[in-house]
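Undergrad: Quick one: sequence plus predicted model below, questions after.
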Amino acid sequence: MTRVIHTGDTHIGYQQYNSPDRRQDFLEAFRTVAEDAVADDVDAVIHAGDLFHDRRPSLIDLQGTVEILRTLSDADIPFLAVVGNHESKRDAQWLDLFADLGLATRLGAEPVVVDDVAVYGLDFVPRSRREDLTYDFDSLPDEAEHASLVSHGLFDPFAHADWDTETVLEESTVDFDAVLLGDNHKPDTAEVLDTWVTYCGSTERASASEREDRGYNIVDFETDGTVAISRRGLASTREFVFIDVELEEREGIDRVQDRVRQHDLADAVVIVTVEGEGRPITPAAIEELAIDRGALVARVNDRRDLPDEDDDVSVSFANPDEAVRERVRELGLSNAALEIDESVRNGDLADSNVRESVERRVRELLEDDESAFDPAPEREPGDEDVTTVADQLADESDSAADSVNTEATETADAAETAEADGGAETADADGGCETATADTKGDAAAPASDPDATTAPSDGDATDDIDATEDSDEPEETADADIASLGDFA
């Protein structure tokens with residue numbers, strides 16, 4: 001008998017919920033699989049793709065993976081694998097690097113024989129390239145009594161299928177006894193054309209929908225030609241606490257919080273799902289309660305079809321910024337969150353730099369104060385201590401408008417005086433007045449009509465602007481950045 005562990009979808013490097021602890025969880029789950037393999041002295045560990053969560057794993061993730069693969073190598077347990085869709089690169093694959101290090105074997109059309117089992121591989125193939133795909137594999141070696149195909153994709157008859165399993169089996173040049181699959185995170189097994197087809201499932205929960213225990217398959221290739229597939233759970237994975245709340249018509253956040261208090265949440269990922277009727281709830285308050293009770297991460301999914309709160313917001317075409325300010329106040333964002341909001345909306349910041357800038361600022365804020373992003377206390381929209389980016393812009397805009405109006409009034413008074421005096425000076429004064437008035441209106445309207453008005457100039461442009469200002473005899477006009485609406489920062 002030949003016994004192998006069939007695993008896959010380890011997604012090493014996935015920082016789920018932006019939690020470093022969850023990132024480590026995915027690596028530790030793979031470590032547990034390797035330790036089980038050594039303890040059980042299996043003949044091989046077969047990985048069905050998505051070893052990594054993406055094609056650019058960090059150095060720490062690579063080092064951790066190499067360490068685990070060395071554990072298998074030291075125990076003379078071969079690690080055989082195919083490439084999944086998450087980690088697939090256009091050139092050489094990470095599996096090729098591990099193979100060069102003597103720590104892994106990338107499966108393909110040429111079989112790798114483990115005892116009396118010939119193991120073949122088929123990397124993930126996008127749907128657009130499957131029409132011309134041929135399933136040509138090298139002949140079964142004489143010493144092999146079994147043949148197994150390892151692949152990654154969504155095969156039928158399982159959920160979300162887009163790959164015809166019968167076509168693969170019928171067109172393959174080798175008769176397979178078992179097909180060991182990855183990609184579908186739900187473990188399942190079916191028989192197709194007298195061949196066992198099985199998914200091992202993921203080793204960690206990559207989404208809140210994966211409620212079943214995580215684990216892997218143990219596949220026994222018997223000497224009588226049969227194949228036995230069993231499943232083993234991973235008891236050491238991070239605990240997920242799923243709290244489902246069905247609200248009655250008059251129930252609200254108090255009912256949800258009571259349900260949260262009924263559970264031991266220490267170091268767990270808490271997923272609260274709200275359904276039914278009931279009043280609107282504030283997810284942030286529920287998540288904060290769970291964190292206070294020891295949860296590592298808390299998320300609230302409100303699946304009810306409630307009236308959109310935005311329907312209650314009256315947006316005036318004459319003053320949309322006021323509606324935005326009112327809505328931002330109601331969101332209860334912390335000062336740190338408002339600062340990040342300002343960074344995202346900042347038209348002076350190039351789109352390609354937004355992510356890096358925001359990540360850097362978030363890191364700085366959290367280093368200074370771990371509670372920087374805690375929800376702000378409940379405040380009324382009319383509270384004087386509630387300020388937003390829109391408020392600041394409005395204050396600057398109002399000041400600029402007052403300045404422009406004052407200058408316009410003074411200019412108009414001068415024009416009227418000149419007109420009363422008459423003579424040649426009247427014509428000169430009228431002409432000067434018209435020119436000044438036109439310039440003033442043009443400058444004041446620039447931010448609204450020119451979408452690039454708030455874009456920061458390059459170093460050269462900035463120098464030109466300074467020179468132009470110094471040479472100008474006109475009164476100092478309001479800078480573009482002083483007259484802006486929140487829309488300019490969108």
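TA: Right, received. Where do you want to start?
Undergrad: Tell me, how many residues neighbour the closest residue to residue 222 other than its chain neighbours?
TA: Setting aside the residues directly before and after it, residue 222 is nearest to residue 1 in space (Cβ to Cβ, 6 or more residues apart in numbering), at 5.5 Å. Placement of C-beta: from N, CA and C, glycine included. Other residues near residue 1 come to 11 when the count uses other Cβ atoms under 10 Å.
Undergrad: doesn't residue 220 make contact with residue 1?
TA: Yes - taking contacts as Cβ atoms under 8 Å, residue 1 lies within contact range of residue 220: 5.7 Å.
Undergrad: Just list the residues touching residue 114, thanks.
TA: With contacts defined as Cβ atoms under 8 Å, 6 or more residues apart in numbering, the neighbours of residue 114 are 2, 4, 43-44, 78, 80.
Undergrad: For it, which residues count as its bridge partners?
TA: With DSSP bridges applied, the residues forming beta bridges to residue 114 are residue 117.
Undergrad: What segments of the stretch 251-400 of the chain are helices?
TA: 253-261, 283-292, 320-330, 335-345, 351-368, 389-421 (DSSP state H, counting those that start in this stretch).
Undergrad: between those, which has the poorest average model confidence?
TA: Within those, confidence is poorest for helix 389-421, with a mean of 53 (mean pLDDT).
Undergrad: ok so, going back, out of the contacts of residue 114, who's the most crowded?
TA: Within these, most neighbours by other Cβ under 10 Å means residue 4, with 27 neighbours.
Undergrad: ok, now which ones touch the nearest residue in space to residue 282 that is not next to it in sequence?
TA: Leaving out its chain neighbours, the residue that sits closest to residue 282 by Cβ to Cβ, 6+ apart is residue 253, at 6.2 Å. Neighbouring residues of residue 253 by Cβ under 8 Å, 6+ apart: 279, 281-282, 285-286.
Undergrad: 10 Å - rerun?
TA: Residues near residue 253 by Cβ atoms under 10 Å, 6 or more residues apart in numbering: 247, 274, 278-283, 285-286, 289.
Undergrad: Quick check: it vs residue 46, distance?
TA: Residue 253 sits 48 Å away from residue 46, taking Cβ to Cβ, to the nearest Å as the criterion.
Undergrad: count of neighbours near the residue nearest to residue 278 when sequence neighbours are not counted?
TA: For residue 278, ignoring the flanking residues on the chain, the nearest one in space by Cβ to Cβ, 6+ apart is residue 247 at 2.9 Å. If you count neighbours by other Cβ under 10 Å, residue 247 ends up with 19.
Undergrad: swap in the one 10 residues further on?
TA: For residue 257, the neighbour count with other Cβ under 10 Å is 16.
Undergrad: My guess is it contacts residue 298. True?
TA: No - with contacts counted by Cβ atoms under 10 Å, residue 257 stays clear of residue 298, the gap being 11.8 Å.
Undergrad: Touching both of those two, which residues are there?
TA: Here residue 257 and residue 298 share the contacting residues 272, 286, 289-290, scored by Cβ under 10 Å, 6+ apart.
Undergrad: And the buried ones among those residues, selectable in PyMOL?
TA: A single PyMOL command selects the buried members of these (16 or more other Cβ atoms under 10 Å):
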select buried, resi 272+286+289+290
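Undergrad: Which two of the shared contacts of residue 257 and residue 298 have the greatest separation?
TA: Of all pairs drawn from those, the widest gap by Cβ to Cβ lies between 272 and 289 and measures 9.6 Å.
Undergrad: Could you count how many residues lie near residue 90?
TA: Residues lying near residue 90 (other Cβ under 10 Å) number 6.
Undergrad: Next up, the contacts around it.
TA: For residue 90, counting by Cβ under 10 Å, 6+ apart, the contacting residues are residue 55.
Undergrad: Dihedrals phi and psi, it?
TA: The phi/psi pair for residue 90 (degrees, to the nearest 10) reads phi -80, psi -20.
Undergrad: Tell me where the protein is predicted with low confidence.
TA: 307-333, 345-353, 367-490 (pLDDT under 70).
Undergrad: mind redoing it with 50?
TA: The model of the chain has pLDDT under 50 over residues 379-386, 388-389, 419-420, 422-490.
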